[in-house]
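**Student:** Curious how this folds, go ahead:
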Amino acid sequence: MMTQQAESSEQMEQSLIDIAVESWRFSRLFGKVVSKLDAGESGRYVNQLRYFQKKLEESLDSSGLRLVNVEGQHYDAGMAASALNLGDFGPDDVLLVDQMVEPIIMGPNGLRKQGTVMLRKVEA
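**Tutor:** I've put the predicted structure just below:
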């Protein structure tokens with residue numbers, strides 16, 4: 001049986017993971033919006049986004065957590081991410097992770113949250 005302190009610690013970690021995932025999503029969206037601005041206007045916002053992402057990584061690191069992005073890597077069924085569109089491909093297709101929908105979150109003792117990805121076929 002878990003003690004109240006262990007339960008509370010687990011709840012705090014889960015809350016931090018939830019906030020990290022939503023922050024990651026928001027920063028990706030903000031990055032897309034900033035990329036549509038002209039070069040003179042976007043510089044300041046790009047720097048603010050980098051600062052935000054750095055602070056997020058530092059906060060997670062202080063709790064022993066880290067975000068893992070596998071975009072551009074070959075997809076492996078053993079990856080700590082589920083593929084939303086895996087059924088669109090055949091068993092012999094060579095696949096790449098095209099887009100992370102949710103990041104993988106690792107802790108000091110391994111996987112804390114499985115990620116979600118979209119795949120694409122490697123063109124020969």
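
**Student:** so what's Gly43 scoring on pLDDT?
**Tutor:** For Gly43, the pLDDT comes out at 88.

**Student:** Also Ala81?
**Tutor:** 96.

**Student:** residues touching the residue nearest in space to the middle of the chain, list them.
**Tutor:** The chain has Pro103 as the residue nearest its centroid, 1.8 Å off, counting by Cα atoms, centre = their mean. Counting by Cβ atoms under 8 Å, 6 or more residues apart in numbering, Pro103 touches 20-21, 24, 67-69, 115. In this view, the C-beta of every residue, glycine as well, is placed from N, C-alpha and C.

**Student:** ok, it to Val70 distance?
**Tutor:** To Val70, Pro103 is 9 Å away according to Cβ to Cβ, to the nearest Å.

**Student:** Common neighbours of the two, please.
**Tutor:** Gly115.

**Student:** just the strands in the chain please.
**Tutor:** 66-68, 81-83, 95-102, 104-107, 110-113, 115-121 (DSSP state E).

**Student:** out of those, which comes closest to Asn47?
**Tutor:** Closest to Asn47 of the strands of the chain is strand 66-68 (Cβ to Cβ; 20.0 Å).
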